[in-house]
Each structure stands twice: as structure tokens, then as C-alpha cells.
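# this one's structure only:
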Ligand code: AMP
Ligand code: GLY
């Protein structure tokens, strides 16, 4: 079977690493991929923002199945592009991906379907944002409506920070048209958790819960990033809370989407705040999270090829999915300066030593290969040292043991991933 994966991050490396372990005979392709992925799959260039060229690539490779990692092609209609060529793809429709593509859609959808989330107001001008703001205290959360590469959320602690956020999003348009509308939200307090699930549009299976760390510095300080680390461990969400999340959030979401003629077929990500009053939805993503995927893939004991086929063929309900009782930790190494400006092309050393530690696998994100074969940095998030072990403490020790072996100029990483778990 020939399988194509779209994307170039640690998430896609983890997916391909897992597909590689399939019992089935698979030939793996990735576009555009990265230097780590190129070791285990054939990488080809593609414009991930262009659904049509992705489907043309899949056709020319005679791919039996394609998996889409990032959100941009989903929102732009990659599922529809594949359908027009009669090709198999694991991807929600553009309409279903609106859960991620428009915060306004997601909030109004939750309201219509009585799904617990933060109180909110939708504003289509800076003036209306300023007047709606009075209905919220401080801090207040400001979110750009459209896609903003994980950077479209600002938590304003006072009026000056609020004005800065509104000016940046709505006036200066730092996220382009994504800032034409904003959502204001009450600020929720509690522990965050990421719950992802496989949905075939009729039935679903929960993925082992994970947690990610979005802020760049230890202690959850500094600006938001794409994610600086993650972990997954049995009992991360207790049984009672999990069943409440299924009943009050997951099922009403999937049923609501089906009722609104946007059945969700793919991987749904529900970002949650576990508040004193119960779980609340912070956001939806229409795809796997990064770096949560790295942490959950190393705990998945079932065959990912089978799961992908089951999603496409609408038989996920009858497909057993086993999760290891082990725990996992992923620590991300980023370029100096990230999430702001950073330099590229730094030589990465210690990768072989790091991956020789038991239970450790290094998933590449922003890496490239020099002419002489050295691995070089080529992005903000460079790689994630991911470890599995029988306890969370042991997984953490292994991941940081691996981190200690790896180095490149300017490398930075958080020291507190999975520490307060
Ligand atoms: P999002 O991109 O929507 O996941 O938001 C990024 C981060 O902002 C989340 O992971 C939370 O840490 C924080 N956040 C978003 N919405 C809220 C909220 N209503 N209350 C508190 N924190 C929030
Ligand atoms: N780690 C959060 C995300 O992928 O959006």
C-alpha cells in the first residue's frame, strides 16, 4: 500500500514513524517532509496551501491513501480536491474544518448546541470590540477569527494590553483577514488538556489524552508558541471527567456537525480547560495537535494504517484501538529567538547518542541536511525528544537525558515539561 502524508513537522514525523511499524507492507511518501522524515520515507516538494496540487501529487504517486497533517489545506478544501479525482484521503471537509478555521463559527456552533465553553462576544470592528469589552472583566481573551498559525490568541490583563491586541489584529491586520472579526472571551481558570479523537462521521474513538505546553518559557511564561512539549499518561483525565467530556462535549459536537450537514470525518482535537465548574472547550482543531501527536503515537499499540482505513471506510466503531499503559514525554528543542526571529542553518549534534537511549525517539520538525550529510536547523521548532517508559517520571528522565546529548547553537528548551503532572 502506498501512503502519502502531507506536512513537515514533528507531528508528521511521528505519524510516519508509526505507519512504518505497520504489519502491512507500506511504501511511505511525505510532502514536503523534513530531513528526519526523509530517513524513513520518500520526501517530495508540494505547496501545502494548494489542495489541487496536493491531489495531483497523490494521483501521480498512485497513493492508495493520503493523510493531511496541517490545517491550511483542510480549510482550503483538500478533501473536495481529492474527491474530484476519486482519491482516498483522511481529512474533514472544508465545511467541517470550519470548527478550526473560524473561531466565530466554532463559538456560535457551541452556543447553538449547548456545548460548554467560555462566555463570548463576536466583534466586527475595533469600536464594537471596545464597547463589548465592558461586558468582561480583566483579564479578557481576544481571538482572531481566522487561522493565525497558533498565534491569534491574546490574553489582555488591562485596557492598554487590550487596545494593543485589538490594534494589532483589527487595524494593523498582523494576521491579515483572519483579524477582520475577533471573539472576546471570559478568561477560564484551570488545568488544560487536549483530547483528540478519530471520527468517521458516524462513530468515534477517543485518543489517549495529552497535555501540551504553549508558552515558550518555564512556568508557562512568555509568548505563545506552536507548542514546546507534551506528555501523555494513563489517568491524565480521570474517568468521571472523561465521561462528562464525552457526554457534554464530544458527542454533542459530532452530532451537531452531522445535524448541520457537516459530518466530521478525520481527527478532531478538542482543547479543554478543566475548570472548577466542569470541562469547557477552549478551541477545536480539525487535525492532530503538534506536539501532542508525538506523545500519543509512541503510546499507540494498534496499527495506524488500519485506523486510517477505518476512518475512510466508516468503520471506526468496530476497530479496536489499544493504548499502552506506559507514559510518554516530548520535549521540543527550538531555535534561539523563537517564537520571534531566529537564525537557521546551525549544525545539530548528538542525534545518534540521543536516540540510542532506551525508549527514546527523536522526531524532527525544522531540520534540513547539508551537502556533507549533517543535520541542520531550518525552523523555529527544530525537533522533539520523545520518550516512552513505564512511569511518567521515567519517561521524563529519558526525554531530558536525550535532550542533554543534543546541541546546536542557540538551542533552547523548557525544563519543566511534565514536571507538575
Ligand atoms: P487557542 O489557540 O484558542 O488554543 O488559545 C491558545 C491558548 O490561550 C490556550 O491554550 C489557552 O492557554 C489560552 N486560552 C484560550 N482561550 C482561553 C480562555 N477562554 N480562557 C483562558 N485561557 C484561554
Ligand atoms: N499543540 C496545539 C496545536 O497543535 O494546535
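The structure has been received and is ready for your questions. These figures come from a predicted structure and were not determined experimentally. Ligands and ions are numbered 1, 2, ... in the order given.
# The chain against ligand 1: which residues are in contact?
118, 141, 150, 153, 185, 187-188, 192, 214, 224, 271, 282-283 (CB under 6 Å from any ligand atom). Every residue, glycine included, has its C-beta placed from N, CA and C.
# where exactly do the strands run in the stretch 151-300 of the chain?
153-156, 182-186, 191-200, 204-206, 211-212, 215-217, 221-224, 229-232, 265-275, 278-285 (DSSP state E, counting those that start in this stretch).
# got these as a markdown table, with mean pLDDT and mean neighbour count columns?
Below are those laid out as a markdown table (pLDDT from 0 to 100; neighbours: other CB atoms under 10 Å):
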| stretch | mean pLDDT | mean neighbour count |
| --- | --- | --- |
| strand 153-156 | 92 | 19 |
| strand 182-186 | 96 | 23 |
| strand 191-200 | 96 | 21 |
| strand 204-206 | 98 | 18 |
| strand 211-212 | 96 | 23 |
| strand 215-217 | 94 | 17 |
| strand 221-224 | 89 | 13 |
| strand 229-232 | 98 | 29 |
| strand 265-275 | 97 | 22 |
| strand 278-285 | 97 | 21 |
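# about what we covered before: kindly reformat the residues of the chain next to ligand 1 as CSV and extend each row with distance to ligand 2.
CSV is the format used below for the residues of the chain next to ligand 1 (distance: CB to the nearest ligand atom, whole Å):
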residue, distance to ligand 2
118, 17
141, 16
150, 5
153, 11
185, 17
187, 19
188, 17
192, 10
214, 7
224, 10
271, 7
282, 10
283, 8
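# any idea which of the residues you listed is closest to residue 319?
Of all the residues of the chain next to ligand 1, residue 319 sits closest to residue 271, with 25.1 Å by CB to CB.
# contact partners of the biggest helix by length in the chain?
Ordering each helix of the chain by length in residues (DSSP state H) puts helix 392-405 first. Helix 392-405 is contacted from outside by 231, 233, 326-331, 333, 350, 353-355, 357-360, 362, 385-389, 413, 415, 417-419, 421, using CB atoms under 8 Å, 6 or more residues apart in numbering.
# and it, how far out from the chain's middle?
Relative to the chain's own centre, helix 392-405 is displaced by 22 Å; criterion: CA atoms, centre = their mean, to the nearest Å.
# list the buried ones in it?
By neighbour count on 16 or more other CB atoms under 10 Å, the buried set for helix 392-405 is 392, 394, 395, 396, 397, 398, 399, 400, 401, 402, 403, 405.
# likewise stretch 32-44?
So for stretch 32-44, counting by 16+ other CB under 10 Å, buried means 33, 34, 35, 36, 37, 38, 41, 43.
# and the two most separated of those?
Longest span within these, CB to CB: 35 and 41, 11.6 Å.
# Give me the phi and psi angles of residue 3.
Main-chain torsions, residue 3, degrees, to the nearest 10: phi -120, psi 130.
# What about it, how many residues nearby?
27 (other CB atoms under 10 Å).
# Looks like it contacts residue 63 (just checking).
Yes. If you go by CB atoms under 8 Å, residue 3 and residue 63 touch, sitting 6.5 Å apart.
# Average pLDDT for stretch 98-114, rounded please.
Stretch 98-114 carries an average pLDDT of 97.
# actually stretch 317-334, not the one I wrote
Mean predicted lDDT for stretch 317-334 stands at 98.
# first vs last residue of that stretch, how far apart are they?
For stretch 317-334, the first-to-last residue distance is 38 Å (CA to CA, to the nearest Å).
# again, but for stretch 152-167
Start-to-end span of stretch 152-167 (CA to CA) is 13 Å.
# And stretch 134-141, by the same measure?
Using CA to CA, first and last residues of stretch 134-141 are 13 Å apart.
# In the chain, mark out all the helices, start to finish.
10-20, 51-61, 71-75, 78-84, 98-101, 103-112, 126-132, 159-166, 239-245, 251-259, 292-297, 304-312, 351-355, 392-405.
# could you give the mean pLDDT of the longest one?
Helix 392-405 carries an average pLDDT of 98.
# cool, and the first one?
The pLDDT scores in helix 10-20 average 98.
# do the second one as well
Helix 51-61 shows an average pLDDT of 98 in the prediction.
# Can you mark which positions in it are buried?
Residues of helix 51-61 classed as buried: 51, 52, 53, 54, 55, 57, 58, 61 (neighbour count, 16+ other CB under 10 Å).
# And the contacts of it?
Here helix 51-61 makes contact (CB under 8 Å, 6+ apart) with 2, 4, 6, 29, 31, 44, 46-48, 66, 68, 73, 76-78, 80-82, 84-85, 87, 89.
# tell me how far it is from the chain's mean position?
Helix 51-61 has its average C-alpha position 23 Å from the chain's average C-alpha position, going by CA atoms, centre = their mean.
# Which one, of the strands of the stretch 151-300 of the chain, ends up nearest to residue 15?
Of those, nearest to residue 15 by CB to CB is strand 265-275, at 10.0 Å.
# Okay, now the sheet partners of the closest one, with direction.
In the sheet, strand 265-275 lines up against strand 191-200 (antiparallel), strand 278-285 (antiparallel) (DSSP bridges).
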